[in-house]
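A.B. asks: can't give you the sequence, but here's the structure:
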């Protein structure tokens with residue numbers, strides 16, 4: 001009997017620990033708890049966070065004097081640096097389900113390069129000419145009517161708009177987002193049009209020279 005009793009006590013303690021950790025992991029609102037409720041009685045409502053991965057295009061060529069800025073291609077050096085970033089993104093498990101990119105050739109090539117490297121469906125990519133000359137506020141406006149069915153979105157664009165855009169969320173701010181640099185942000189909201197004011201966290205800030 002003594003051994004059986006000890007086993008029951010042990011299982012009881014283990015269940016208490018599991019319930020305690022599960023409660024704190026899921027952050028069950030305090031008002032939901034009462035003397036008559038256990039963790040197994042609570043209807044769990046897990047919020048879906050939004051993730052935004054901001055990418056500046058890779059280093060591009062200035063060798064063609066007569067070529068319009070919009071049509072400047074990537075340098076091999078830019079592709080090499082982006083490969084290092086892709087490896088880092090893979091290690092972090094980054095897998096956006098939508099990519100929004102500027103129409104400039106260097107941005108489109110960067111977006112395609114990353115999409116291939118991460119094994120993404122390039123059909124879930126939107127090329128938007130408005131992002132080519134957009135400022136930070138116009139970039140923010142892109143998310144006002146973005147579908148909430150997307151939980152992880154990658155934005156590929158240009159400076160100075162991208163640096164100003166990410167600094168809206170970063171404390172302390174960064175001086176300059178370099179080519180192929182990435183800032184990953186997470187927002188505690190289910191709606192893209194709330195990211196201006198939603199609680200947020202920085203998942204990572206990574207530049208080619210750091211990997």
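C.D. replies: Sure thing, it's come through. What you see is a predicted model, and the numbers here were worked out from it, not measured in a lab. Numbering: from 1, shown residues only.

A.B. asks: so which residues of this protein form helices?
C.D. replies: 2-26, 76-91, 105-117, 136-141, 161-167 (DSSP state H).

A.B. asks: mind listing what's buried along the last one?
C.D. replies: What it means is helix 161-167. 161-163, 165-167 (16 or more other C-beta atoms under 10 Å). C-betas here are computed from N, CA, C, even on glycine.

A.B. asks: shaky segments in this protein?
C.D. replies: Within the chain, the stretches with pLDDT under 70 are 1-47.

A.B. asks: mind listing what's buried along stretch 94-104?
C.D. replies: 94, 96, 98-102, 104.

A.B. asks: most widely separated two among the residues you listed?
C.D. replies: Pairwise distances across the buried residues of stretch 94-104 peak at 22.7 Å for 94 and 104 (criterion: C-beta to C-beta).

A.B. asks: the buried residues of stretch 94-104 into TSV, with extra columns for distance to residue 147?
C.D. replies: Formatted as TSV, these follow (distance: C-beta to C-beta, whole Å):
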residue	distance to residue 147
94	20
96	13
98	8
99	13
100	11
101	17
102	20
104	24
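
A.B. asks: for the residues you listed, which one is nearest residue 207?
C.D. replies: The closest of those to residue 207 turns out to be residue 94 (C-beta to C-beta; 15.4 Å).

A.B. asks: any idea how far that closest one is from residue 85?
C.D. replies: The gap separating residue 94 from residue 85 is 10 Å, by C-beta to C-beta, to the nearest Å.

A.B. asks: returning to what we had before: reformat the buried residues of helix 161-167 as TSV; add distance to residue 131.
C.D. replies: Below are those laid out as TSV (distance: C-beta to C-beta, whole Å):
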residue	distance to residue 131
161	8
162	10
163	15
165	11
166	15
167	18
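
A.B. asks: name the nearest of those residues relative to residue 184.
C.D. replies: For the buried residues of helix 161-167, the nearest to residue 184 is residue 166 (9.9 Å; C-beta to C-beta).

A.B. asks: would you check that that closest one makes contact with residue 181?
C.D. replies: No. The pair residue 166 / residue 181 is not scored as a contact, 9.3 Å apart, by C-beta atoms under 8 Å.

A.B. asks: I'd say residue 105 and residue 72 touch.
C.D. replies: Yes. If you go by C-beta under 8 Å, residue 105 and residue 72 touch, sitting 6.3 Å apart.

A.B. asks: mutual contacts of the two, please.
C.D. replies: residue 60 (C-beta atoms under 8 Å, 6 or more residues apart in numbering).

A.B. asks: now do the contacts for the residue nearest to residue 112 when sequence neighbours are not counted.
C.D. replies: In this structure, residue 112 finds its nearest non-sequential neighbour in residue 122, 6.5 Å apart by C-beta to C-beta, 6 or more residues apart in numbering. By C-beta under 8 Å, 6+ apart, the residues touching residue 122 are 112, 115-116.

A.B. asks: go on, residue 162?
C.D. replies: 54, 56, 139, 155, 177.

A.B. asks: same question for residue 146.
C.D. replies: The neighbourhood of residue 146, defined by C-beta under 8 Å, 6+ apart, consists of 98, 153, 192-193.
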